[in-house]
Structures are given as structure tokens and as C-alpha cells.
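Student: requesting a structural model of the entry that follows:
(one chain, ligands or ions: 1)
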Amino acid sequence: MPANLLEGKPIALKIKEEIKQQVQALGTKPVLASVQVGENAGAEAYAKSQQKTADSLGIEYRFQKLGKETTEAALCEFIQKLNSDKSVNGIIIQMPLPPQIDYKKISQFILPEKDVEGLHPANIGKIVFGRAKVLPCTPAAVMELLKETKIDLNGKEVVIVGHSEIVGKPLALLLLEKFATVTVCHIGTSQAGKLQDHVKKAEILIVAVGKAGLIKGDWIEEGTTVIDVGINRVEGKIVGDVDFEGASQRASLITPVPGGVGPLTVTMLMRNTLECARLQRGK
Ligand code: NAD
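Tutor: Below you'll find the predicted structure:
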């Protein structure tokens with residue numbers, strides 16, 4: 001039987017409505033500063049969609065583009081200025097950055113209280129203790145999708161494929177907080193020829209790799225919930241990491257790509273901006 005779609009848009013709409021009301025209650029517009037370094041069509045499109053969402057929620061989006069020759073030191077200086085600008089509540093650095101700039105280094109310069117991506121070590125550290133108020137956007141989006149399914153995560157076999165700092169690792173911590181049994185697979189798992197075995201065990205499968213068709217439909221057990229975070233462009237179309245046609249014959253719920261995790265990720269960025277603004281106002 002074909003799976004039911006687990007769509008991000010309706011959930012995003014609900015959360016955006018809540019954000020809008022809370023922004024109004026705040027009295028002043030939260031301000032999100034967005035910095036892009038150099039030209040990149042993908043980053044520009046992402047920033048445009050952030051701008052559109054921010055506008056619709058009453059959040060001020062201040063976009064700034066720096067030249068492609070910008071040095072790491074110059075970008076740090078720019079971030080320090082935004083850190084000390086009291087009118088700015090949140091800071092996001094658009095990816096990708098030119099090769100002379102190391103994102104891991106640069107992201108640590110953003111004040112933790114303005115870190116709307118939730119990726120500063122201080123904020124990631126709080127996830128370990130279950131005390132984070134600002135969560136990394138994509139893992140937070142996945143948790144919202146899971147919340148919508150009403151599945152009790154306690155003791156569930158959750159398999160994550162992909163162990164990046166922005167998705168797999170923080171997501172594993174958030175799921176542990178809900179008492180799920182979490183397995184994290186990565187390139188080493190594939191190289192050891194064990195990916196299929198792990199995927200077969202999943203009651204909930206979350207894939208964030210960036211390789212179209214990595215997860216074959218017949219690897220998925222009947223009744224599995226599948227969340228596909230991957231974004232790949234294949235022959236002009238956007239697809240995920242999971243063979244959607246095959247998987248949707250076996251999964252009980254599956255996210256479409258596009259239209260699954262994506263719409264929620266940008267919503268989480270706006271929720272974090274609101275949260276940062278509130279925390280800065282002592283609310
Ligand atoms: P990344 O490159 O930082 O990490 C990729 C992960 O996949 C690593 O853990 C790596 O070990 C693993 N991997 C690579 N090849 C593998 C293989 N053959 N078998 C098993 N694991 C393998 O990527 P990322 O930044 O975490 O992004 C992953 C994907 O998610 C990308 O397609 C990205 O575009 C997408 N993404 C989507 C959203 C969204 O909002 N929908 C947000 C962030 C990332």
C-alpha cells in the first residue's frame with residue numbers, strides 16, 4: 001500500500017501563525033542579520049526565501065553581501081559589529097563560504113545569544129543537557145515532523161544516516177532526550193557494507209547525506225516512517241536521498257522532497273530569531 005505523505009508545509013503554516021502572533025505581542029520587530037560572502041546562486045535563493053518568510057511574519061531581515069575576497073579576519077570584524085549592534089537580535093552566515101573562510105571557526109564568533117542557527121558550541125552543548133532554547137534548524141524541523149506523527153519515540157528504533165554537525169549529530173541528541181534508541185550511520189557504515197542492515201532495523205529512518213538514491217526502496221521495512229532531509233538536483237529536478245517511488249510502497253509515512261523538511265527549516269530559523277529577541281529582552 002502506498003505510504004501517506006508527511007508534508008512540512010501545513011505544519012510550517014501552523015507554526016508560522018504562532019510566530020506571527022508572538023512577534024506582534026513582542027511590540028518591536030525582531031531583526032535578523034544575514035551575511036553572504038561572494039556570489040552564489042543557491043545561497044542567494046535561500047536568502048530570498050528567508051527574506052520572504054521573515055517579511056510575512058513581521059521580522060526584519062537585514063541582508064548584506066560582502067565581496068568574494070573578504071578575509072576571515074574581515075568577516076570576524078563584521079560579525080563583531082553585528083554582535084555589538086543592539087538592534088540586531090540574530091545573525092546568520094549564508095553557506096557556502098569562499099575557500100579562504102572556515103565556517104567552523106567563524107561561527108564561534110557569533111554571540112551565542114544571537115546564534116539563530118543554534119550551532120555555536122555553547123548552544124550545541126546545551127542540547128547534551130536538554131536545556132537548549134535555540135535548536136539547530138534542520139534537526140528542530142525533523143523533530144516537528146515527528147511530533148506531528150504523534151509516534152511515541154520512547155524505545156523506538158531510530159536510524160539516522162548522516163552524522164554532520166548541522167543535522168545528524170544534534171538530531172541524535174534530541175532523539176535521545178525522547179528516549180529513542182538511536183543508531184547513527186555515516187560513510188564508514190557504507191564502507192563497511194553495513195548500511196542496508198541498519199536501515200532494515202529502522203522503525204523511523206532519517207536520511208541526511210546528499211546522495212540521490214542512496215537508500216533503496218526495498219531496504220525499508222513495511223510500516224517505517226521515513227524522513228528524507230537530502231536535497232539533490234537530478235536532471236533539473238530536486239530529489240532526496242531515498243528512492244521515493246520504491247520507499248513509498250513500503251513506508252507508512254514518508255516526507256516528499258521538496259515539501260518535507262525544507263519548509264520547516266526556514267520556519268525554525270524564524271522561531272529561533274523570535275526566541276533570541278525574547279531572551280535578549282529578558283522574556
Ligand atoms: P554533510 O556533507 O556535512 O554530511 C554528509 C553525511 O553523509 C556525513 O555524515 C557523511 O559521512 C555521510 N555520507 C556520505 N556518503 C555516505 C554514504 N555513501 N553512506 C552513508 N553515509 C554517507 O551534509 P549535510 O550538510 O548534513 O547535508 C546533508 C544533506 O541534507 C544535503 O543534501 C543537504 O543539502 C541536505 N540538507 C537539507 C536541509 C533541509 O532543510 N531540507 C537542511 C540541511 C541540509
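Student: CA only for contacts and neighbour counts going forward, please
Tutor: Fine.
Student: what residue, apart from its backbone neighbours, is nearest the residue nearest the centre of the chain spatially?
Tutor: Geometric centre of the chain, nearest residue: residue 138, 1.4 Å, by C-alpha atoms, centre = their mean. Sequence neighbours aside, residue 265 is the residue nearest to residue 138 in space, at 5.2 Å (criterion: C-alpha to C-alpha, 6 or more residues apart in numbering).
Student: output the helix or strand containing that neighbour in PDB with nothing but the alpha carbons.
Tutor: Element membership for residue 265 (DSSP states H and E) is helix 262-280. Included here for helix 262-280 are C-alpha records, laid out as PDB according to Å, rounded to 0.1, in the frame of the first residue of the first chain:
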ATOM      1  CA  GLY A 262      12.600  22.200   3.800                       C
ATOM      2  CA  PRO A 263       9.600  24.400   4.500                       C
ATOM      3  CA  LEU A 264      10.100  23.700   8.200                       C
ATOM      4  CA  THR A 265      13.800  24.500   8.300                       C
ATOM      5  CA  VAL A 266      13.300  28.200   7.400                       C
ATOM      6  CA  THR A 267      10.400  28.300   9.800                       C
ATOM      7  CA  MET A 268      12.700  27.100  12.600                       C
ATOM      8  CA  LEU A 269      15.100  29.900  11.700                       C
ATOM      9  CA  MET A 270      12.400  32.400  12.300                       C
ATOM     10  CA  ARG A 271      11.300  30.800  15.500                       C
ATOM     11  CA  ASN A 272      14.900  31.000  16.700                       C
ATOM     12  CA  THR A 273      15.100  34.700  15.800                       C
ATOM     13  CA  LEU A 274      12.000  35.300  17.800                       C
ATOM     14  CA  GLU A 275      13.400  33.300  20.700                       C
ATOM     15  CA  CYS A 276      16.700  35.200  20.600                       C
ATOM     16  CA  ALA A 277      14.800  38.500  20.600                       C
ATOM     17  CA  ARG A 278      12.800  37.400  23.600                       C
ATOM     18  CA  LEU A 279      15.800  36.100  25.500                       C
ATOM     19  CA  GLN A 280      17.600  39.400  24.800                       C
END
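Student: briefly note if that helix comes near the ligand.
Tutor: Yes. Residues of helix 262-280 contacting the ligand under C-alpha under 6 Å from any ligand atom: 262, 265.
Student: helix, strand, or coil at the residue nearest to the centre of the chain?
Tutor: What DSSP: H, G, I helix; E, B strand; the rest coil gives for residue 138 is helix.
Student: so it sits right up against residue 267, yeah?
Tutor: No. Between residue 138 and residue 267 there is no contact under C-alpha atoms under 8 Å: 9.9 Å.
Student: who's in contact with the nearest residue to residue 38 once chain neighbours are set aside?
Tutor: Spatial nearest neighbour of residue 38, chain neighbours left out: residue 68 (3.7 Å); criterion: C-alpha to C-alpha, 6+ apart. For residue 68, the contact set (C-alpha atoms under 8 Å, 6 or more residues apart in numbering) comprises 37-39, 98.
Student: now residue 66
Tutor: 35-38.
Student: now it. Its backbone dihedrals?
Tutor: phi -100, psi 160 (degrees, to the nearest 10).
Student: mind pulling up the pLDDT for it?
Tutor: Residue 66 carries a pLDDT value of 97.
Student: swap in residue 129?
Tutor: For residue 129, the predicted pLDDT is 96.
Student: can you list the residues of the stretch 1-150 of the chain near the ligand?
Tutor: So far as C-alpha under 6 Å from any ligand atom goes, the stretch 1-150 of the chain lies against the ligand at residue 138.
Student: how close does the nearest residue to residue 6 once chain neighbours are set aside get to the ligand?
Tutor: Leaving aside its sequence neighbours, residue 6 sits nearest to residue 255 (C-alpha to C-alpha, 6+ apart; 4.6 Å). Distance of residue 255 to the ligand, computed by C-alpha to the nearest ligand atom, to the nearest Å: 10 Å.
Student: one more: residue 78?
Tutor: Applying C-alpha to the nearest ligand atom to residue 78 and the ligand gives a distance of 24 Å.
Student: quick one, helices of the stretch 1-150 of the chain?
Tutor: 8-26, 41-57, 72-84, 103-107, 121-128, 137-149 (DSSP state H, counting those that start in this stretch).
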